[in-house]
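Novice: following is a predicted model, sequence given first.
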Amino acid sequence: MIKVTNLNKKIGDVNALNGLSFTAQDGKITGLLGPNGAGKTTCLRTVFGLLKADSGNAEIDGIDVAKEPMVAKQKLGLFPDPCGLYERLTPREYITFFAQLSGLNASDAKQATIDVINKLAMNDIADRRCQGFSQGQRMKTALAQAVVHNPSNIILDEPTRGLDVMSTRILRELLLLLKAQGHCVLFSSHVMQEVAALCDHVVIMANGQVIAQGSVAELCEHAGKETLEEAFVALIGSDEGIAA
Ligand SMILES: Nc1ncnc2c1ncn2[C@@H]1O[C@H](COP(=O)(O)OP(=O)(O)OP(=O)(O)O)[C@@H](O)[C@H]1O
């Protein structure tokens, strides 16, 4: 479970986070939805401990990220940019390397790598060099790296940005698989279809604050609209930054 409480963060003159509070539950996919500059990336960076909030706190499974960053990070996977794989390594080598970085010894890292390769059904590519991989194969490798230490929580910042339809579908299926396995999945997006199709809980944010939250159906009902996009526009008061 990921819980942020009254997070405030000023960057330069901008209040990037402005009293932000929400909870992302286990076994659910939670979407952070907001226009450009809403504070989504700042929020996720704070949850991962890359940024320190001015006040408020972020907890991973009840552990305060600022107070016990190493313990919190072991319970958290961060989906990396799939473009940044080490081209000369095979997924098995790459994933094992990150498993060891996360603190597993050599033999546990090897076994964890075998497990995640099976879990994500990627045995066919596990021993090929990443160089020349398709976007979907990169995605699987990146996701395997993020979850090899079996974190109960995973965060993804606009994971489908720049992806084609097939890769987007692969990623969706992988996120649904993680959800079915009981993980807490938190991702940011401005793609309405993706959020509507995937999320159990949607947190609509703007100006570093939560504007509304709930299931897609609850948000539509709350705004008196038929679709998430219409509800979003009504709640935010602008259609700036929406991707269909
Ligand atoms: N390093 C920085 N320097 C200056 N301003 C920043 C910096 N990082 C974030 N901000 C500002 O903080 C606010 C929140 O930015 P953030 O990147 O978190 O928004 P976002 O919701 O992820 O936006 P987008 O959807 O465009 O990626 C914005 O006004 C942004 O300009």
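Specialist: Okay, I see it. Numbers count the residues shown, from 1 in each chain.

Novice: quick check: next helix or strand after the helix ranked longest in the chain?
Specialist: Secondary structure assigned by DSSP state H gives helix 165-180 as the longest helix of the chain. Next helix or strand after helix 165-180 toward the C-terminus (DSSP states H and E): strand 184-189.

Novice: run me through the strand neighbours of that following strand, direction for each.
Specialist: Partners of strand 184-189 in the sheet, by DSSP bridges, are strand 29-33 (parallel), strand 153-157 (parallel).

Novice: next SSE downstream of that strand?
Specialist: Using DSSP H and E, the helix or strand that follows strand 184-189 towards the C-terminus is helix 192-198.

Novice: so how far is the lowest-mean-pLDDT helix or strand in the chain from its chain's centroid?
Specialist: One helix or strand of the chain scores below all others by mean pLDDT, DSSP states H and E: helix 165-180, with a mean of 85. The chain centroid and the centroid of helix 165-180 are separated by 12 Å under C-alpha atoms, centre = their mean, to the nearest Å.

Novice: go on, stretch 109-120?
Specialist: On C-alpha atoms, centre = their mean, the centre of stretch 109-120 falls 21 Å from the chain's centre.

Novice: again, but for stretch 12-23
Specialist: So, by C-alpha atoms, centre = their mean, the centroid of stretch 12-23 is 18 Å from its chain's centroid.

Novice: now the chain, which segments are flagged as low pLDDT?
Specialist: By pLDDT under 70, the weakly predicted segments of the chain are 162, 238-244.

Novice: what's the least confident helix or strand of the chain packed up against?
Specialist: With contacts taken as 3 or more C-beta pairs under 8 Å, 6 or more residues apart in numbering; DSSP states H and E, helix 165-180 sits against strand 29-33, helix 135-147, strand 184-189, helix 192-198. For every residue, glycine as well, the C-beta is placed using N, CA and C.

Novice: packing partners for the second one?
Specialist: Helix 135-147 is packed against strand 76-78, helix 91-101, helix 106-119, helix 165-180, with contacts defined by 3+ C-beta pairs under 8 Å, 6+ apart.

Novice: got these as a markdown table, with distance to V148 and mean neighbour count columns?
Specialist: As requested, these are exported to a markdown table (distance: least, C-beta to C-beta, whole Å; neighbours: other C-beta atoms under 10 Å):
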| stretch | distance to V148 | mean neighbour count |
| --- | --- | --- |
| strand 76-78 | 8 | 23 |
| helix 91-101 | 4 | 21 |
| helix 106-119 | 5 | 17 |
| helix 165-180 | 13 | 17 |
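
Novice: any idea which of the ones you listed gets closest to the ligand?
Specialist: Closest to the ligand of the helices and strands packed on helix 135-147, according to C-beta to the nearest ligand atom: strand 76-78, at 14.9 Å.

Novice: identify the residues contacting that closest one?
Specialist: I2, V47, F48, I60, A146, V147, H149, P151, N153, I154, I155, L156 (C-beta atoms under 8 Å, 6 or more residues apart in numbering).

Novice: state the three-state secondary structure for the spatially closest residue to the fourth one that is not a sequence neighbour.
Specialist: The one in question is I60. Leaving out its chain neighbours, the residue that sits closest to I60 by C-beta to C-beta, 6 or more residues apart in numbering is A72, at 4.4 Å. Using DSSP: H, G, I helix; E, B strand; the rest coil, the structure places A72 in helix.

Novice: can you pull the contacts of the closest residue to T96 other than its chain neighbours?
Specialist: Distances taken as C-beta to C-beta, 6+ apart put T113 closest to T96, at 4.6 Å, once the chain neighbours are dropped. If a contact means C-beta under 8 Å, 6+ apart, then T113 has R92, I95, T96, A99, A144, V148 as its contacts.

Novice: no further questions, thank you.
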